[in-house]
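Novice: fold the following.
(2 chains)
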Amino acid sequence: MKRTSSNPVAPNVLGGGLPRIDGPLKVSGTATYTSDVNLPGMLYAVPVCATIASGKVTSIDATAARNMPGVKAVYYRGNIKPFFRAAPPKGFSGMLDEKRPPFEDDMVHYWGQYVAVAVARTFEQATAAAHAVKVTYSADSHDVDPNLSVSGKMTEKSKRGDAESAFAAAALKVDQNYVTPTETHNPIELHATVADWHDGKVTLYETSQAVVNHREVLYQMLGVPKSNVRVISHFLGSGFGGKLWPWTHSILAAGAAREVGAPVKLVVTRKAMFQAVGHRPRTQQRIRLGADASGKLVSLQQDFLNHTSILDDYEEDCSEATPFLYSTANLKVMGGLSRKNVGTPTAMRGPGAVPGLFALESAMDELAVALKMDPVELRKRNEPTLDESNGKPFSSRHLQECISTGAQKFGWASRTPDVGSMTRDGLVLGWGMAACTWIAGRFPAEATVILKRDGTAVVETGTQDIGTGTYTVLALVASEATGIPLDRIEVRLGDTILPPGPISGGSLVTGSVIPAVTDAAKGAMKSLLTAATKGANTPFKGVSPDELELVNGRVQRRGSPASGASVRDVLSRANMNDVHHTASSGPTFGAEDKEHSLHSFGAHFAEVTWQPAIARLRVSRVVTVIDAGRILNLKPARNQIEGAVVMGVGMALLEETTYDKRYGAPINANLADYMVCTNADAPTIDVTFLDHPDLLINPMGARGVGEIGLAGTAAAITNAVYHATGIRVRELPVKIEHLL
Amino acid sequence: MELFQLNRATSIPQAVELSRHAKTAQQGADVRFIAGGTTILDLMKLDVERPTCLIDINHLGLDRIEATPDGGLRIGASVRNADLAHHATVMRDYRVLSEALLAGASPQLRNMATTGGNLLQRTRCMYFRDTAMACNKREPGSGCSAIDGENRALAILGTSAQCIATNPSDMNVALAALEAVVHVRGHAGERTVPFHDFHLLPGDTPNRETILEPGDLITHVTLAAPHRGATSTYLKLRDRASYEFALASAAVIVDASGGRFNHVRIAMGGIGTKPWRMLDAERALAGAPVSEQSIMNAATVALRDATPQSRNGFKVELAKRCLAQTLRIATGMAHA
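Specialist: Next up is the predicted model:
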């Protein structure tokens, strides 16, 4: 992959291109990921997965398995302490997608559901034992049919005006169905839990994007006091949403460890990653657009369905972006669920918006074709002046600048609209574009900053770095707030003993935690400077703390380095070990009566090459422009968007979890048969950030960057595919057989 | 994975002796040779293969590439794919083999995988690799889940009512076109097997994939001297640009001097239950003028007997385009 960036890179300053402070640990293999945790006497657990998709377990015979070498126990319903259900979540606390605790009853609702777990001295022994457990079932008929029909009722997600009548009267219409397949997250790091009990208290090393939430769920399901559960997740080998909420293996590991009396490690296999730890559900969407002859939208309707599991209601809210992206007087969005015998779905990068924007931005392209209008121009004509779904002004919206900047960088002006009309080196070119948007806002967060005698600082907050650079950006923020150099700041994350931090979800961590860390740093500084004026024989006796500053780890009178005293000296004279301050910041996301509509925006321009002689389609380049407020650290921010665009190529051309209709099993449950992009598939990617600070979000004006890079990308690519081939693919992924 | 014993063989006769009393040399063998391990270890982890004894054949001196007295090449069974692909003689005289090897797998896998092992590469049929599902190849008589299932990637040539699994190897396609000879040492001595006879059609016994019997060790593969004046090339069509099996591939060796197809060898991959030599297409081209019409005719002839399944019908057209383009490239009518 070739990379270009249009933003200048200045190292070691906010907004610059600072490498991750945890980079050396990662590239040297010394960062301790969950499955790297090894404890004395630790055993391995391997679950037994159901081989029916619906029915009942009638018997479990573990005699042979128990007698195999190294096997300590085989647990199943009836021979292990039962697990409890957790109370419904309050806001984002206590979130859980698959709510049924393992072994609650004998029912099986999806292929791969855990029905027993083998515990042995080695992973191989536990695997062999799990394989040797004989489970008999009474199978019922199951349904994994990819065609979705609504279970229950459609519900109204958004409405204004009279969309039906306006559509009926519209001069130009698009009425099409779009499908996105089941997708599996597939981070390289497998889900894992290491459970370690002592005196009724358990430490859970987890692959978690949300340790605080994990504790909230697990203490309830294990039936122990909350204070008896500690959850740790220091490094994550990516999650993409799949590791936001607890899954049943975590409870199994904790329960097995409690029962067997030794630490237990459970690493979910790649195959089970397709079964029991969530996925993006299949979606079916009907989009109806009505426009007048000038291209102005007069009606927008979206009816979406997504599959969910038998027991849980997971909604993939495809209407996430629909109500506010474009101006139209008449709009109606309806959504519904379709129940299938599949594992419970969960959030996957850009949930709702990503499949929703594939449909909407494909339909907009179809409308542009029908109007014989440039798709860039069509979007310009439908730019709203405020969020028409709620009448609130946007905190900061620069979508048209994203589009015009992207068009200029891409060279869009030289596009000829006729299908197959552009060629280069014997290849047919297709150029397509799409707009994108993603949520912005803040979760509540708490953080502590400690200034230590040795002149170093510690930042503590119970959020996580899921590979996105949170360690680095918080060190930067603390450094900027305190004047302490970056290499003397330690950031502690991913542990429930720390002040509660937010989930690493929605690309909201950076924007959420910064205010708390900034305030904590300022508070700790104030304490330090106050202490400096009060210690015995302090050189700052009688000086107001406001007249002091901290520069390079020394306290001094403002602008007067010669007056400086070291932090050690200051704290020694005050007989203090350290100073610390804890601060919190409140939410905007999910909060009532907010005054503004908070979103990030962007645009993708994609080029595909098409070689009809051998039906070979490749994505050759993508230009992406993102409006996400102020960019705090360009390098990881660009990295996020590049990764998301690559994921978008996979979504457009490769990724699809296939269920075998007879077995009900995800059949391509491995990294060879479930295709994700390889480096050879990754196009040249040019990422630009507009960098307009959004001061209504937080004092630094920074919104999150991540998921937005995936939103809209697939539509930009399929729009380019249409331009190259004349074939409109409305069901992802685009396959060779679609194009023959 | 079950417990197994690992024996390191120190001589070819010892390797033969250690394996000759195995129940079978085919699916379900209790004794298996291991070289690169890129297939057997995967299948053992999946419980698809459960040998109780592995014989390490990495130390038998089978890792050499040597010229033969008649101008050909002798390739040891444990020569790594990467070494073979980058060997100067292979790159110069057997370009199709180098290209086929480099189109397969990933650099890491090619550094481990061997010539002998690749001859025996197992199918990627998803039902073969999951012990919870019926598969006649893995468990004879249990049924074929693929015929009525997810068969998009499976074979359209050489199928039977019992099995439609594709042979996944790229190397095999090149060796089929090169008319390689497989050299096997068994307890009764050495024998040579023409490449075309080495792999078996599934028929009623899809669990039997080759002519190998207990005690048989592939020692090397030989190639005849390169055909003077011929050019060769390999084209692989697949869903993604790398690390992906062929939906259709073609190995072509052509001498088209004087504007006619004087010498043609064609084999195709990704579409057959074994590496598929296209004898009828070769006959159709023999002596024909180098033209778009000749090429399209050969492509049509090549796929004449294809019997697609519910989801792989597109492979017929894709394979035609693949072969046609490979012939164009080999004759200079198109660029690679």
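Novice: gap between the residue of chain A most remote from its centre and chain B?
Specialist: Distance from the C-alpha centroid of chain A peaks at A:N537, with 53.1 Å (CA atoms, centre = their mean). For A:N537, the distance to chain B (CB to the nearest CB, to the nearest Å) stands at 65 Å. For glycine as for every other residue, the C-beta is placed from the backbone atoms N, C-alpha and C.
Novice: for that residue, helix, strand, or coil?
Specialist: The assignment at A:N537 comes out as coil when based on DSSP: H, G, I helix; E, B strand; the rest coil.
Novice: does A:L43 touch A:V117 like I think?
Specialist: No. Using CB atoms under 8 Å, A:L43 is not in contact with A:V117, being 11.1 Å away.
Novice: looking only at neighbour counts, state which of the two leads.
Specialist: Legend: neighbour count by other CB atoms under 10 Å in any protein chain shown for A:L43 and A:V117, higher for A:V117 (28 against 25).
Novice: next, count neighbours for B:I57.
Specialist: A count of nearby residues for B:I57, using other CB under 10 Å, gives 25.
Novice: hey, what's the residue nearest to it when sequence neighbours are not counted bridged with?
Specialist: Spatial nearest neighbour of B:I57, chain neighbours left out: B:F33 (4.9 Å); criterion: CB to CB, 6 or more residues apart in numbering or on different chains. Under DSSP bridges, the beta-bridge partners of B:F33 are B:I55.
Novice: and the strands in chain B?
Specialist: Applying DSSP state E to chain B gives strands spanning B:5-8, B:31-34, B:53-56, B:65-67, B:73-76, B:181-186, B:189-194, B:217-223, B:231-237, B:248-255, B:263-269, B:276-277.
Novice: and among the ones you listed, the most buried is which?
Specialist: Highest mean neighbour count of those: strand B:248-255, a mean of 28 (counted as mean count of other CB atoms under 10 Å in any protein chain shown).
Novice: the residue nearest to B:I57: what's it in contact with?
Specialist: When contacts are counted by CB atoms under 8 Å, 6 or more residues apart in numbering or on different chains, B:F33 touches B:15, B:19, B:54-57, B:116, B:217.
Novice: tell me the one of the residues you listed nearest A:E731?
Specialist: Lowest distance from A:E731 to the contacts of B:F33 (CB to CB) belongs to B:G116, with 42.8 Å.
Novice: residues contacting that closest one?
Specialist: Residues counted as contacts of B:G116 (CB under 8 Å, 6+ apart) are B:33, B:35, B:57, B:62, B:77-78, B:218-219, B:221.
Novice: how about the residues of the stretch 301-450 of chain A by chain B?
Specialist: A:G426 (CB under 8 Å from any CB of the partner chain).
Novice: what's the burial count for B:T307?
Specialist: 11.
Novice: please apply the same query to A:R349.
Specialist: Around A:R349 there are 28 other residues, counting by other CB under 10 Å.
Novice: could you measure from the closest residue in space to it that isn't next to it in sequence over to chain B?
Specialist: Nearest non-adjacent residue to A:R349, counting by CB to CB, 6+ apart: A:F240, 4.7 Å away. From A:F240 across to chain B, the span is 19 Å (CB to the nearest CB).
Novice: phi first, then psi, for A:F240.
Specialist: With angles defined as degrees, to the nearest 10, A:F240 sits at phi 60, psi 30.
Novice: how many neighbours does it have?
Specialist: For A:F240, using other CB under 10 Å, the count is 27.
Novice: from what I can see it touches A:P351, true?
Specialist: No. At 10.1 Å, A:F240 does not count as touching A:P351 under the criterion of CB under 8 Å.
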